[in-house]
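> Structure, please.
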Amino acid sequence: MSAARPAPAADPIGTHAISVFVNNKPGVLVRVALVFARRGFNIESLVVSPGVEDRFSRMTITCSGRRDDLVQVVKQVAKLIDVVHAIDHTRA
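Predicted coordinates:
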């Protein structure tokens, strides 16, 4: 008989800080927020500030969830038109 393997640790729910660098155009905020909504995430905090150049904006989004699920959301956001870069700053 083989020894029982311990169950893998569950991915705990944590708070994540996500930065999204976007082209400053109408409708971009809505498209980013829809990705979170469709995946069942509630945005707890949202800050939008101008980029170094006026044609860009930086969104800082805070939400709670499992890291693996948020990785997928960040990947989906990064694929959106007018999104230049998206990253989860939360350490695992």
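> Report the beta-bridge partners for residue 49.
For residue 49, the beta-bridge partners under DSSP bridges are residue 58.
> That one: neighbour count?
Using other CB atoms under 10 Å, residue 49 has 8 other residues around it. Glycine gets a C-beta too; all of them are placed from N, C-alpha and C.
> From residue 76, how far off is it?
In this view, residue 49 and residue 76 are 23 Å apart by CB to CB, to the nearest Å.
> Next: residue 14.
19 Å.
> quick one, which of the two is more surrounded?
For the pair residue 14 and residue 76, the greater number of neighbours falls to residue 76 (16 against 13), based on other CB under 10 Å.
> in the chain, which spans are strands?
For the chain, the strands defined by DSSP state E cover 13-23, 43-50, 56-66, 83-88.
> outside of the shortest one, which residues touch it?
Taking CB atoms under 8 Å, 6 or more residues apart in numbering as the criterion, the residues outside strand 83-88 that touch it are 16-23, 28, 32, 56, 67, 70-71, 74-75, 77-78.
> Show the buried residues in those residues.
16, 18, 20, 22, 28, 32, 56, 70, 74, 77 (16 or more other CB atoms under 10 Å).
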